[in-house]
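**Q** how does the following fold in three dimensions:
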Amino acid sequence: MRPRGSVASALVGAAALVLLTGCAGEDGAPDVPTREPATAAVSPATATTPAGQVVPAAATKALLAERETGRLAALDTAGTTLTLIDPAAPATARTVALPAAGAALAQGKPGEVLVAAQGRVLRVDVAAGTVTEVPVDGDVHSVQLRTDGDLVVGTAGGKIVELRPDGSVARTVTGLVSADAIALTGENITVLDRKQTAVVSVRDDALGLMLRAGDGATNAIADPEGRIIVTDTAGGELLVYSAGPLVLRQRFPVASSPYALAYDPRSSTVWVTCTQSNEVVGYDLSTGIGVEVGRFPTLRQPDAVTVDPRTGDLFVASAAGDGLQRIGADERKRGQ
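**A** Below you'll find the predicted structure:
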């Protein structure tokens, strides 16, 4: 194990620290080394009965437990339909046809889910099922809501756009190849670029420092402790950063193609799906190195995971159409 704040981690972070540079390519994107974005490994057939309870659900690529209502928002793999599910009565699920294909989900205002979509951010009222569009110049891959009500948006072309509550543009920052996930920690904005497999900080009007994120990073989330947690799917690792300045604090191996991420604030546990083994694994990050505190069999192709922050219940969705899985907090051991 590496001790907390280890010299090894600091050296890894320092060695990888660079300023975003490079000449512009023909399409206006920076002329820098890139790779095809990493993706979830294709899952084998399940060999073990999934833990908890499973209900029917469409093939799902993104899943979010809305923190105010506890309703689940499930984005289908085509991105054209959002299903709103009451976990207490899943048979009463409501489907919402989206006006543009969605790429990712995020928490909006209380009772609202944000959908990153082509040329817009969709604001969905989970109780009413109504959709409001916020126009954006670009194919939106990621979105997060700041505490002041501004939207921070990332596009497929690498732009970061901050929109005021009235939809007007507060600032635009360019220079990434793609802006695929956004993590907000206090006033800090950190963006994951899958094509560069890197995380980069955003200053007031420009990109800041960049760190390499493994061999093929896919997903990133922020937790209440101010950490930025990233899955290096190609490299089989979990990476943990802090922002302001951007520093790599922890890295440790996670077998079987780690992919989707969710954080349970009730138990201070980060949950990671592993698509090669059809499992979801929980880690406690408080000691400076991830300590496994739970491992459960999932349904096939667990490409999406979320936690209801009110109850601690864990939900996993299959991208193969095998259903929606619920693992209750009371079904897990102490510390999970």
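
**Q** from here on, contacts and neighbour counts on C-alpha atoms
**A** Noted.

**Q** next SSE after the host helix or strand of Thr218?
**A** Using DSSP states H and E, Thr218 sits in strand 217-222. Later in the chain than strand 217-222, the nearest helix or strand by DSSP H and E is strand 227-232.

**Q** other SSEs contacting that following strand?
**A** The elements that strand 227-232 packs onto, with contact taken as 3 or more C-alpha pairs under 8 Å, 6 or more residues apart in numbering; DSSP states H and E, are strand 181-185, strand 217-222, strand 237-242, strand 258-264.

**Q** partner strands of it, with direction?
**A** Here strand 227-232 has these sheet partners by DSSP bridges: strand 217-222 (antiparallel), strand 237-242 (antiparallel).

**Q** deepest of those strands, which one?
**A** Mean neighbour count, computed with mean count of other C-alpha atoms under 10 Å, is highest for strand 217-222 among the strands paired with strand 227-232, reaching a mean of 25.

**Q** ok and that one relative to strand 181-185, angle-wise?
**A** For strand 217-222 against strand 181-185, the angle by axes from the mean of the first three to the mean of the last three C-alpha atoms, to 10 degrees is 30 degrees.

**Q** quick one: the residue nearest to Val230 when sequence neighbours are not counted from Ala47, how far?
**A** Leaving out its chain neighbours, the residue that sits closest to Val230 by C-alpha to C-alpha, 6 or more residues apart in numbering is Ala220, at 4.3 Å. From Ala220 across to Ala47, the span is 29 Å (C-alpha to C-alpha, to the nearest Å).

**Q** Lys159 now?
**A** Applying C-alpha to C-alpha to Lys159 and Ala47 gives a distance of 43 Å.

**Q** check Arg251 too.
**A** 29 Å.

**Q** same question for Phe315.
**A** Phe315 is 20 Å from Ala47, by C-alpha to C-alpha.

**Q** out of the two, which sits in the busier spot?
**A** Phe315 (26 against 12; other C-alpha atoms under 10 Å).

**Q** which SS class is the nearest residue to the more buried one once chain neighbours are set aside?
**A** The shortest distance from Phe315 to any non-neighbouring residue, by C-alpha to C-alpha, 6+ apart, is to Arg326 (4.6 Å). Three-state assignment for Arg326 (DSSP: H, G, I helix; E, B strand; the rest coil): strand.
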